[in-house]
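Engineer: got a sequence here, can you build the structure:
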Amino acid sequence: MIRILLFGALMMLHVPSALAQFSKGLTAGYHLADLRISFNPLIDPTFTPMASGRGGFHVGGYTRASAGLLYLQPQVWLTGLNQQLLLQDGSVTPTVVDWSMLRLDLPVEVGVKLGPLFGFVAPVYSLALSEVGGLGLVQTGTGSWGGQVGLGLKLGPLQASLRYEGSLSAFGESITVGGIDIDTDNRMTQFIGSVAVKL
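Structural biologist: Residues are numbered from 1 along each chain as shown. The predicted model follows:
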């Protein structure tokens, strides 16, 4: 399924701009993430992990297809997320670990535009590429679905958006759509500010 999504997203980025209802461009943004870690106290009641967000980024591209007030905007992001973890294991001095991950995000915005303003929801598929910190919090090479909701402003070739990203795990470990099981996850929640420029 990930191959189909990647192929489709890359093909959308090569749609000829001569078609008036299509546009494409580049995007970049800043992430403020909130990593939450749960640990079984029956294994070691003295081990208490705590996390503080240190932000993150994304860079990528998009294709936008508009029809009246509605639009569809698939995107491809390379996303880096950074956290600082405080590991308290009962000793006097806690251990501080810098943790980061790199992933490929494929958000697909479905939205409504009213003049320069637009609002959207976006399912987002994330594929973990790498992890630094040695904690094994992510399994590289695997992916799952989350969701985004946001608002934005479009002025000429520029558009800016503010979005919230969260997990779909409230619906269970997977969601069945059309007879296909889609894995969800307990991804960190994020606030994302993004700026895009039309090419």
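Engineer: got the residue ranges for the helices in the protein?
Structural biologist: 2-12 (DSSP state H).
Engineer: where does pLDDT dip in it?
Structural biologist: Along the chain, the parts satisfying pLDDT under 70 run over 1-20, 34-53, 86-92, 94, 134-137, 168-187.
Engineer: make it 80
Structural biologist: For the chain, the stretches with pLDDT under 80 are 1-20, 33-54, 83-99, 133-139, 167-189.
Engineer: residue 198 and residue 21, how far apart?
Structural biologist: Counting by CB to CB, to the nearest Å, the separation of residue 198 from residue 21 is 14 Å. The way it works is simple: take the backbone N, C-alpha and C, and place the C-beta from them, glycine included.
Engineer: more neighbours: which of those two?
Structural biologist: Taking other CB atoms under 10 Å, residue 198 and residue 21 do not tie; residue 198 has more neighbours (15 against 11).
Engineer: so the more buried one makes contact with residue 23?
Structural biologist: Yes: using CB atoms under 8 Å, residue 198 is in contact with residue 23, at 5.3 Å.
Engineer: pull out the buried residues from stretch 120-133.
Structural biologist: Residues of stretch 120-133 classed as buried: 120, 122, 124-129, 131, 133 (neighbour count, 16 or more other CB atoms under 10 Å).
Engineer: count the neighbours of residue 188 for me.
Structural biologist: Other residues close to residue 188 by other CB under 10 Å number 22.
Engineer: could I get the phi/psi values of residue 157?
Structural biologist: Residue 157 has phi and psi values of phi -80, psi 0 when expressed as degrees, to the nearest 10.
Engineer: now it, nearest residue through space, not along the chain?
Structural biologist: What sits nearest to residue 157 in space, not counting adjacent residues and going by CB to CB, 6 or more residues apart in numbering, is residue 198, at 3.9 Å.
Engineer: thanks again, I'm all set now.
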